[in-house]
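1. Sequence and predicted model, in that order:
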Amino acid sequence: MTSFNSSYYTAINTQYEKLGFDFFRPKNLSDPPTVLQVLPALNSGGVERGTLEISDAIIASGWRSVVVSKGGILVDTLQKNGAKHLEINIGAKNPFTWPKSLRKLKRVISEYNVDIVHARSRMPAWICKYAAQQCGVPFITTFHGRYGDTNALKKIYNSIMIRGEFVIAISKFIAEDIQSRYRIEDDTLKIIPRGADISLFNPEDASQQAANRLIKEWGVPDDTPVIMLPARLTRWKGHEILIEALSLIKDVRFFCVLVGDHDTKKNYRSELEKIIKFQSLTNKVRITGHCKDMVSAYKISDIVISASLDPEPFGRITVEAQAMGCLVVAADHGGARETIQHNRTGILVEPRNSEALADGIKKALEMQTEDRKSMGIAAREFVAGNFSRETMCYRTMSLYCQLLDLNPQLNS
């Protein structure tokens, strides 16, 4: 038996390293703990994906998982994996709806014997805090990003996220930002980086047939290095900076795909298309739209770009790309400083600087095949050792156990 004083942080480095989620399986299987996660909706996004991943970990540990949101496209996936979803429009900012949402949430906590309330967004967190407090249940939060506080009222609104018994930051960058803005005890603030599914994002297992279909669909020329920027079409993701950088090396052989949702950004897409045409890159840069098969997208990409104008809170794309052995060129700020080791697992360049980005891309394109392969291997090993989905889930489950004063143990 391993006491929680050691926790999974220690256990994964001992003889129990292959134990997996059985480490957290309760001895009394008839009354397992129940974790309630709350967020505005279950559509696409990092918050939503993190919620589903932790829900799967909760269930794999023999616990019960309940999620409250107003619904969305991921509800079916959540429920197929064994979680319970309850629909409450808990992210609504209309104050007249708050008392009703509070009553509903308290009923959920009572009816489902909830042991922990985990809020992942600010508006739901306010309701969660009072519901948990009135029901005598522990309350924790996760900071998924940096919240702007341009005035005192906004800072008060944001402050709900530091009122949990534990506050999870998804990166050191976010943790440092929290510490710079708020008074928070070191023991309260916990850094649990987001992770990539190493088994899914595995170049050895990726289908070449599926990759070939994508090559044909996107019109990728033969024997041409592929550069990809995978991000929804929104200005802060740096599409314009990338296009400008590519215009500086347009004589170099490459084909660039801008992969990401643009359904609500049609005007911005038109603007980018005009810039591409103006820079005489029409035959070398293509906007593809949403891609359902990102594993194949990474497989056919030689270089993956993260050119965000503002610091990424974490940057899951750079982690997934490295897991696939891609060479990543990223802006040197935010989460990228943690997830990329410069000149070992990727290349970091000065943010908002098209010339620096062009130099980084050219350096990557000019690398010898063996050097690029070695960097890809180092990148995957680095991600597997530090930013896997399993590690994120193990650390979160350890925190839940600590909150409930549980002692995970082997079922011998």
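-> Good, I have the coordinates. Note that the structure is a prediction, hence the values are computed from the model and not measured.
2. all helices of the stretch 101-250 of the chain, in order?
-> Taking DSSP state H, counting those that start in this stretch to define them, one finds helices in the stretch 101-250 of the chain at 122-135, 152-158, 172-181, 208-218, 239-248.
3. With respect to Trp98, which of those helices lies nearest?
-> Nearest to Trp98 among the helices of the stretch 101-250 of the chain is helix 122-135; the distance by C-beta to C-beta comes to 6.3 Å. All C-beta atoms are positioned from the backbone trio N, CA, C, and that covers glycine.
4. Just the buried positions in that closest one, please.
-> Neighbour counts over helix 122-135 (16 or more other C-beta atoms under 10 Å) mark 122-129, 131-132, 135 as buried.
5. counting contacts, what elements does that helix pack onto?
-> strand 34-38, helix 98-111, strand 116-119, strand 139-143 (3 or more C-beta pairs under 8 Å, 6 or more residues apart in numbering; DSSP states H and E).
6. and that helix, average pLDDT?
-> For helix 122-135, the mean per-residue pLDDT is 96.
7. So what touches it?
-> 38-40, 68, 90-93, 98, 101-102, 105-106, 109-110, 114, 117, 119, 138-139, 141, 147, 157-158, 160-161, 163-164 (C-beta atoms under 8 Å, 6 or more residues apart in numbering).
8. Any of these buried? List them.
-> 38-40, 68, 90-92, 98, 101-102, 105-106, 109, 114, 117, 119, 138-139, 141, 147, 157-158, 160-161, 163-164.
9. Could you pull up phi and psi at the spatially closest residue to Pro351 that is not a sequence neighbour?
-> Spatial nearest neighbour of Pro351, excluding adjacent residues (C-beta to C-beta, 6 or more residues apart in numbering): Ala331 at 4.0 Å. With angles defined as degrees, to the nearest 10, Ala331 sits at phi -70, psi 130.
10. What of the one 3 residues further on?
-> For Gly334, the backbone dihedrals are phi 60, psi -140 (criterion: degrees, to the nearest 10).
11. pretty sure it is touching Ile170, no?
-> No. Here Gly334 does not reach Ile170: they are 11.1 Å apart, not a contact under C-beta atoms under 8 Å.
12. okay, and the common contacts of the two?
-> Common neighbours of Gly334 and Ile170 (C-beta under 8 Å, 6+ apart) are 313-314.
13. Gly82: how many residues sit nearby?
-> 13 (other C-beta atoms under 10 Å).
14. After the longest helix anywhere in the chain, which helix or strand is next? Please name it.
-> Counting residues, the longest helix found in the chain (DSSP state H) is helix 369-386. With elements assigned by DSSP states H and E, the helix or strand that comes after helix 369-386 is helix 389-404.
15. what domains does the record give for this protein?
-> What automatic domain parsing lists as the domains of the chain is 7-195+388-404, 208-386.
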